[in-house]
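[1] starting from these lines, generate the structure:
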Amino acid sequence: MLPVCRLLRRVVGTAAGGLAPDGRDGGHAGACRSDDRPDDHFILLAEQRIMMSADRGGSRGATAPSTPPGRRLRVAIVAPSLGILGGQAVQARRLLDGWAGDPEVEAWLVPINPAPPGALRHATRVKYARTAATQATYWPSLVRQLARADVVHVFSASYFSFLLAPVPAFLVARALGRPVVLNYRSGEAPDHLARSRIARGVARRCDRVVVPSSFLRDVFRAHGVAARVIPNTVDAALFAFRPRVPLQAHLLSTRNLEPMYNVACTLRVFQRVQDRYPDATLTVAGGGSQLLALRAQAEGLGLRHVRFTGPISHDDIWRAYADADVYLQTPDIDNMPSSVLEAFSSGNPVVSTDAGGVPAIVDNGVNGLLAPCNDDAALAAQVLRLIETPGLAAGIVRTALRSCERYRWAMVRSEWLALYRELSAVAAPSTARVRHA
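    Sure thing, here's the model as predicted:
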C-alpha cells in the first residue's frame, strides 16, 4: 500500500500552493499564472509526485486488470454516502442499487466521507481537523479499493470539494493504471471551470467525462472537453404516481437551505399564493445554513401553515411528495435536480426558475412551468395557473410522467454498461490523454 502520510505531504502539499484563501484554486500567489506555464501544471506535477511515491510503494507500473470471460466488470464508485444528504449521494445510491445483483457489473461505493478510525474519530468534532482526519482516511481507502477495480467512476462537485474528493481519486487511479470516468454534476460548472486550471486539467486527463444534462455538456465543450450525457435516474416504485384532482394549494420544496437554492424566493412566492388562498400550505424539507434566516423571514412575512421539516432521509422523502400537490423550487444555480424527476414521477406538477440546466429537463408549458430567477411574482403566477387551470395541470402531469421513461434504470443501465465496457477494453494510458471537443 502507498505510504499515505508521505503521499499526503507530497500531493496535498503541492495543491496548497495553488489554492486561494476561499478554497478556489488559482487565486493564491503561488498558483501557476504565467503564460509560459500550462493551465494544468498542477496535474502534471501531482501525477509525477504520486507516481514516485507509488514506485517506492511497489505500485508503479500497475495496469488495469483484464476482465476474464465470465467475470463481472468491477466498478469502484467514488461518491458521497448518504451521510452527506444531497443529490450526488442519492444518485450514487440509485446507481449502486441498480447494479446490485447485476450479472455483468459488480459495483461498490468508495465513500468520499469515510468514518475515521480510532483516535482520528475524535477529530471530526472540530471543523478543520475533521477535513484532515477524513483525508487521512480517504487516501488509503482509495488505494485499497481502486486497486481491485476495472473502472473508476468518480462523482464530482465543484470548488474545494473538487480538490478534496475527485482530485485524489483521479491521482490514485492514474498511479494504479485504472481508467477514470469523471461524472461531473455541479450547476456551478460555468464559474468553476472558468476559474480553475486544476479542474480543466483533470477533466482533460480523465478517460471520459460524463454529465447528467446537455447544459453541462455544453459548458465542458466551451472549454475544449468532450462530455457524454447520461442522465440521472428516478425510482418510480419509491416515488409512486398519484393523480391530484382537484389540485390544491399544497406546495412542497425539497432543496437544501443554502444561498444558491434561494429558498427565500420560495417563501415570497408562497406569500403571494397565500394571499389568494388563505388555507395554502408550504412544506420546506431540507436543512442548511439558511434555516434560521428563513424561519425569521417566514415569520416576518406573516406566513401561516409553513412547516420546516429539517433533512429527510432518502428512504422517507417520498412521503413529502405524496402529501403535496405542487412542487416549487426557486434556485439561482442548478443542473439536473433529482427533486424535479421525483416530482414528475410522483404526479406533482413542477414550477421552477429557469436556472442552469433546469430547462434541459423542464420544457416550459409542456411538462412543467418556468419563470426567471428570483422573480417571485412570475413564479407565483405560474403556481396559480396550475391551480386555476385544471386542464393545463393535468396535461403537464401526464407529459411529465411520460418523460420519466428516459430516467428509468432500465434505460440508463445500458448507457453506463456500454461506457464501462469501452473503458475496460483497454488499460488506462500511462501518459496524459487530452480529450478535445
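[2] now for the helix or strand harbouring Ile198, which elements pack on it?
    Taking DSSP states H and E as the definition, one finds Ile198 inside helix 197-205. Secondary-structure packing of helix 197-205 (3 or more CB pairs under 8 Å, 6 or more residues apart in numbering; DSSP states H and E): helix 41-57, helix 159-164, helix 166-176, strand 180-184, helix 189-195. For every residue, glycine as well, the C-beta is placed using N, CA and C.
[3] give me that answer again for 10 Å
    helix 41-57, strand 151-156, helix 159-164, helix 166-176, strand 180-184, helix 189-195, helix 214-222 (3 or more CB pairs under 10 Å, 6 or more residues apart in numbering; DSSP states H and E).
[4] what's the next secondary structure element after the first one?
    I take that to be helix 41-57. Helix 41-57 is succeeded, C-terminally, by strand 73-79 (DSSP H and E).
[5] dump that following strand to CSV, restricted to CA.
    What follows is strand 73-79, C-alpha atoms only, in CSV (Å, rounded to 0.1, in the frame of the first residue of the first chain):
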residue,chain,number,x,y,z
LEU,A,73,-16.8,-5.9,-14.6
ARG,A,74,-15.6,-4.4,-11.3
VAL,A,75,-16.5,-0.7,-10.9
ALA,A,76,-15.5,1.4,-8.0
ILE,A,77,-18.0,4.3,-7.5
VAL,A,78,-16.2,7.2,-5.7
ALA,A,79,-19.0,9.3,-4.3
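[6] now do it, average pLDDT.
    Here strand 73-79 scores 98 as its mean pLDDT.
[7] between that strand and strand 151-156, how many degrees?
    20 degrees (axes from the mean of the first three to the mean of the last three CA atoms, to 10 degrees).
[8] in the sheet, which strands lie alongside strand 73-79, parallel or antiparallel?
    strand 105-111 (parallel), strand 151-156 (parallel) (DSSP bridges).
[9] tell me the most buried of those strands?
    strand 151-156 (a mean of 28; mean count of other CB atoms under 10 Å).
[10] please identify the buried residues of the longest helix along the chain?
    If you go by DSSP state H, the chain has its longest helix at helix 127-146. Across helix 127-146, burial judged by 16 or more other CB atoms under 10 Å covers 132-143, 145-146.
[11] with stretch 180-196 instead?
    Within stretch 180-196, the residues that count as buried by 16+ other CB under 10 Å are 180-190, 192-193, 195-196.
[12] need the phi and psi values for the residue lying closest to Ile84 once chain neighbours are set aside.
    Closest residue to Ile84 apart from its sequence neighbours, by CB to CB, 6 or more residues apart in numbering: Asn113 at 5.5 Å. Torsion angles at Asn113 (phi, psi; degrees, to the nearest 10) stand at phi -120, psi 60.
[13] and whichever helix or strand comes after the helix holding Ile198, what does it pack against?
    Under the assignment DSSP H and E, the closest C-terminal helix or strand after helix 197-205 is strand 208-211. Applying 3+ CB pairs under 10 Å, 6+ apart, one finds that strand 208-211 contacts strand 151-156, strand 180-184, helix 214-222, strand 228-229, helix 409-424.
[14] tell me the predicted confidence for Arg60.
    You'll see Arg60 listed with a pLDDT of 42.
[15] reformat the strands paired with strand 73-79 as a markdown table; add mean pLDDT.
    Below are the strands paired with strand 73-79 laid out as a markdown table (pLDDT from 0 to 100):
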| stretch | mean pLDDT |
| --- | --- |
| strand 105-111 | 98 |
| strand 151-156 | 98 |
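[16] wait, which of those strands is closest to Ser313?
    strand 105-111 (16.7 Å; CB to CB).
[17] phi, psi of Arg242?
    phi -140, psi 120.
[18] with the one 5 residues further on instead?
    Note on Leu247: backbone dihedrals following degrees, to the nearest 10 are phi -70, psi 130.
[19] so it touches Tyr327, yeah?
    No. In this structure Leu247 lies outside contact range of Tyr327 using CB atoms under 10 Å: 11.6 Å.
[20] pLDDT averaged over stretch 218-225, what's the number?
    97.
[21] and the contacts of that stretch?
    For stretch 218-225, the external contacting residues (CB atoms under 10 Å, 6 or more residues apart in numbering) are 39, 182, 184, 186-194, 199-200, 202-204, 206, 209, 211, 213, 217, 226-229, 335, 356-357, 360, 434-437.
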